[in-house]
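Q: kindly generate the corresponding structure for this input.
(one chain, ligands or ions: 1)
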Amino acid sequence: MTKNAISLFSSSGIGDLGLKANGIETIIGCELLEERMNLFHNNYPKAKCFQGDIWEQKDEIIKFYHANYTEPPFLILATPPCQGMSPNGMGKILNNYRNGLRPKMDERNRLIIPTVDIILSLQPEWVILENVPNMTNTLIVDENDKLVNLIAYIKQRLGSLYCGEPVVVDAADYGVPQHRKRLITILSRNENAKKVFFGKGRLLPDFTHSAEDTPSTRHWVTLREAIGDLPALRAEKGKNSVPGYGGLHKVPLLDEKKRFWIDHTKEGDTAFNNQCINPKCGYQGNRTHGASYDADGINKIHTDTPLYCEKCGALLPRPWVEDKKTGEKRLMKGFMSAYKRMRWDEPASTLTQNFQYACSDNKLHPDQSRVLSLYEGLVLQSIADYDYSFNIHGKLCSDGLIRDTIGESVPPRVMDFICAHIIEISK
Ligand SMILES: C[S@@+](CC[C@H](N)C(=O)[O-])C[C@H]1O[C@@H](n2cnc3c(N)ncnc32)[C@H](O)[C@@H]1O
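A: Numbers count the residues shown, from 1 in each chain. Take a look at the predicted model:
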């Protein structure tokens, strides 16, 4: 019998590719944004699409399922948005709350409430929740206006019906050529799963890759292995794309100034540390950029990093801004991870929706003057290993939609491993 799944916060259905690879059919998708839902529909034409806010779609989803299926779903995959999960601030929120102040909460964190409503109503055999590790520290105001920890809220509402625990997983540990740490919570009401969970303490499959080769794991997949053979590109007109690769091996243009900084940036380093390129000097000892904690314990970026060679006075190819009136140049304010190259022999850094911005965290190609191409994004998120189309009615989607889809998605390879494992347990 076909196993079916409901994908909440489905976006364009990238994580669902891992389900499909294991014969699990996504029969329902729910997504707020129309263009993402359209792309989902294009790739899962048989699925029923509920486009809109899950708060408003919740009852319709439940009604539709009960009207069309007699058995509970095999799986609910819920991947709510993570932007609302702040890394800090929990202490402050709790303090304010205790002092009677109504905390300003991000409404997006409350999306777990309709999610749990759907889970409780449809009672799938398995639930997979995916979010950022900060989810464990996130507080929400529940239906009774009480401030509760999000994970505790889920456990309290699901009670003993489901077993399972949240675990922080790095996608690189499943052979994805990218470090991407996410909190994955696998829950199950299956009896075999309960035995596995109470014996092993987790329902996640064993990791397949690690920092070093071990008898049971292989070394992480590196950028060199993943994208090292792709044709070279440069963020310059006429050189920023090549034919083939579904029209996706292309990068945005960078102006001459930025290319100049990046041309002189070493692998694994930031353009803020570039050294003297005056052929008569070539001094390599100019102070590098950095940050340190001030007297109040705040980590502050240094403001005395030189923009001119400390030996010969020549302009260094470091990111600068220019005063329009005086023409005076000063070092650009920025984090050291901006204009920074990745390393060939490591997995990529986490891909976000900003992965094609040179000033975003650690996003430059290891040795070419450019960011990653959309195609490389697909490879590094493991999407290129699966069958997925970005064409709607024969027309390629916008670069922005493709970038968002990649940056927000769950790597299908991770879902693939998890689904193979839960099917094995369910047997
Ligand atoms: C992390 S992404 C999901 C990624 C997806 N599972 C994948 O692998 O491609 C979260 C999605 O939730 C959607 N979303 C945000 N608020 C929503 C809401 N209130 N109702 C339904 N979907 C929502 C966002 O538009 C976004 O596409």
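Q: all contacts plus neighbour counts: C-alpha atoms, from now on.
A: Fine.
Q: next, count neighbours for the nearest residue to residue 336 once chain neighbours are set aside.
A: Of all residues beyond its chain neighbours, the one nearest residue 336 is residue 270 (6.4 Å), with distances taken as CA to CA, 6 or more residues apart in numbering. Neighbour count for residue 270, taken as other CA atoms under 10 Å: 26.
Q: hang on, residue 270 packs against residue 340?
A: Yes: if you go by CA atoms under 8 Å, residue 270 and residue 340 touch, sitting 3.9 Å apart.
Q: contact residues of the stretch 301-427 of the chain facing the ligand?
A: 408-410 (CA under 6 Å from any ligand atom).
Q: would you mind listing the buried residues in the helix or strand where residue 118 lies?
A: In this structure, residue 118 is located in helix 112-122 according to DSSP states H and E. Of all the residues in helix 112-122, those buried under the rule 16 or more other CA atoms under 10 Å are 112-119, 122.
Q: distance check, the residue lying farthest from the centre of the chain against residue 315.
A: Centroid-distance maximum for the chain: residue 280 at 45.1 Å, with CA atoms, centre = their mean. According to CA to CA, to the nearest Å, residue 280 stands 13 Å off from residue 315.
Q: repeat for residue 348
A: From residue 348 to residue 315 the distance is 31 Å (CA to CA).
Q: swap in residue 364?
A: Distance from residue 364 to residue 315, by CA to CA: 22 Å.
Q: more neighbours, these two?
A: Legend: neighbour count by other CA under 10 Å for residue 364 and residue 315, higher for residue 364 (30 against 17).
Q: which residues does that one bridge with?
A: Judged by DSSP bridges, the bridge partners of residue 364 are residue 341, residue 371.
Q: kindly report the same for residue 186.
A: Residues in beta-bridge contact with residue 186 (DSSP bridges): residue 128.
Q: dump the residue contacts of it.
A: By CA atoms under 8 Å, 6 or more residues apart in numbering, the contact set of residue 186 is 126-129, 164-166, 203-204.
Q: what does the pLDDT read for it?
A: Residue 186 carries a pLDDT value of 97.
Q: and stretch 305-323, what's buried?
A: 305-310, 315-320.
Q: any chance of JSON lines for the residues you listed, columns secondary structure?
A: JSON lines is the format used below for these (DSSP: H, G, I helix; E, B strand; the rest coil):
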{"residue": "305", "secondary structure": "coil"}
{"residue": "306", "secondary structure": "coil"}
{"residue": "307", "secondary structure": "coil"}
{"residue": "308", "secondary structure": "strand"}
{"residue": "309", "secondary structure": "coil"}
{"residue": "310", "secondary structure": "coil"}
{"residue": "315", "secondary structure": "strand"}
{"residue": "316", "secondary structure": "coil"}
{"residue": "317", "secondary structure": "coil"}
{"residue": "318", "secondary structure": "coil"}
{"residue": "319", "secondary structure": "coil"}
{"residue": "320", "secondary structure": "strand"}
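Q: of all these, which comes closest to residue 77?
A: Using CA to CA, the shortest approach to residue 77 within those belongs to residue 319, at 42.8 Å.
Q: surely the closest one and residue 261 touch.
A: Yes: applying CA under 8 Å, one finds residue 319 in contact with residue 261, separated by 6.4 Å.
Q: anything in contact with each of these two?
A: Taking CA under 8 Å, 6+ apart as the contact rule, residue 319 and residue 261 both touch residue 271.
Q: can I assume residue 286 is in contact with residue 312?
A: No: in this structure, residue 286 is not within contact of residue 312 by CA under 8 Å, at 10.6 Å.
Q: coming back round to it: would you list the contacts of residue 186 in a markdown table and tack on pLDDT, neighbour count and distance to residue 297?
A: What follows is the contacts of residue 186, written out as a markdown table (pLDDT from 0 to 100; neighbours: other CA atoms under 10 Å; distance: CA to CA, whole Å):
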| residue | pLDDT | neighbour count | distance to residue 297 |
| --- | --- | --- | --- |
| 126 | 98 | 25 | 45 |
| 127 | 98 | 23 | 42 |
| 128 | 98 | 20 | 39 |
| 129 | 95 | 18 | 36 |
| 164 | 95 | 23 | 38 |
| 165 | 92 | 17 | 35 |
| 166 | 93 | 22 | 32 |
| 203 | 96 | 25 | 40 |
| 204 | 96 | 21 | 38 |
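Q: want to try JSON lines for those, with distance to the ligand as columns?
A: What follows is those, written out as JSON lines (distance: CA to the nearest ligand atom, whole Å):
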{"residue": "126", "distance to the ligand": "16"}
{"residue": "127", "distance to the ligand": "13"}
{"residue": "128", "distance to the ligand": "11"}
{"residue": "129", "distance to the ligand": "10"}
{"residue": "164", "distance to the ligand": "20"}
{"residue": "165", "distance to the ligand": "20"}
{"residue": "166", "distance to the ligand": "17"}
{"residue": "203", "distance to the ligand": "20"}
{"residue": "204", "distance to the ligand": "18"}
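Q: most widely separated two among these?
A: Every pair of these checked by CA to CA; the farthest is 126 and 166, at 13.8 Å.
Q: am I right that residue 422 is in a helix?
A: Yes: Residue 422 sits within a helix when classified using three-state DSSP.
Q: what sits against it?
A: Residue 422 touches 193, 203, counting by CA under 8 Å, 6+ apart.
Q: separation between it and residue 229?
A: For residue 422, the distance to residue 229 - CA to CA - is 35 Å.
Q: nothing else from me, thank you.
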